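Enquirer: got a structure for you, letters missing:
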């Protein structure tokens, strides 16, 4: 039979997982709505991000440049993005997780569907008070067209 301490730890772990899910939903919602400052608030100050072929970006200043001046030049806020199937493991003040992301790219000039892709996020998280922040985020395309045009425009990569 579980002790009170065991039950308290289980509840804390479940609460941590829900806070991590909220963090990722906030990240994706800000991505969809092109709210870059809200998106950046989801990351730890020394976070590392690697999305597709964009290369590794470390620290808030580098992430701001990546999202506001690189991704922001081709992401118009009309794409459809679905984040699904989280698998999250919590270990004290750190956690890791994987997610599937479905992303519909559009053409900015006429909001026509260009392509659907599926990718996998591999993330690490760090506790920040009662909340959680993303400390490392990588995304790699898994399914969908792998054209040179998409690679150039959106950072998708053939593996």
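Expert: Cool, got the structure. Given the structure is predicted, the values throughout are model-derived calculations rather than measurements.
Enquirer: Tell me the strands beside the longest strand anywhere in the chain, with direction?
Expert: Identified as the longest strand of the chain according to DSSP state E is strand 112-128. Strand 112-128 has the following sheet partners, assigned by DSSP bridges: strand 94-107 (antiparallel), strand 131-143 (antiparallel).
Enquirer: any chance of the ones you listed in JSON lines, plus mean neighbour count?
Expert: Yep, even glycine has a C-beta here, placed from its N, CA and C like the rest. Conversion of the strands paired with strand 112-128 to JSON lines gives the following (neighbours: other Cβ atoms under 10 Å):
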{"stretch": "strand 94-107", "mean neighbour count": "17"}
{"stretch": "strand 131-143", "mean neighbour count": "19"}
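Enquirer: Figure out which of the ones you listed is closest to residue 57.
Expert: Taking Cβ to Cβ as the measure, the strands paired with strand 112-128 were each checked against residue 57, and strand 131-143 came out nearest at 9.8 Å.
Enquirer: That closest one: how far from the chain's middle?
Expert: For strand 131-143, the distance between its averaged C-alpha position and the chain's averaged C-alpha position is 4 Å (Cα atoms, centre = their mean, to the nearest Å).
Enquirer: Now it: average pLDDT?
Expert: Strand 131-143 shows an average pLDDT of 92 in the prediction.
Enquirer: neighbouring contacts of that strand?
Expert: Strand 131-143 is contacted from outside by 16, 19-20, 23-24, 27, 42-44, 46-52, 94-95, 100-101, 117-126, 156-159, using Cβ atoms under 8 Å, 6 or more residues apart in numbering.
Enquirer: And the pLDDT at residue 44?
Expert: pLDDT, the model's per-residue confidence, is 98 for residue 44.
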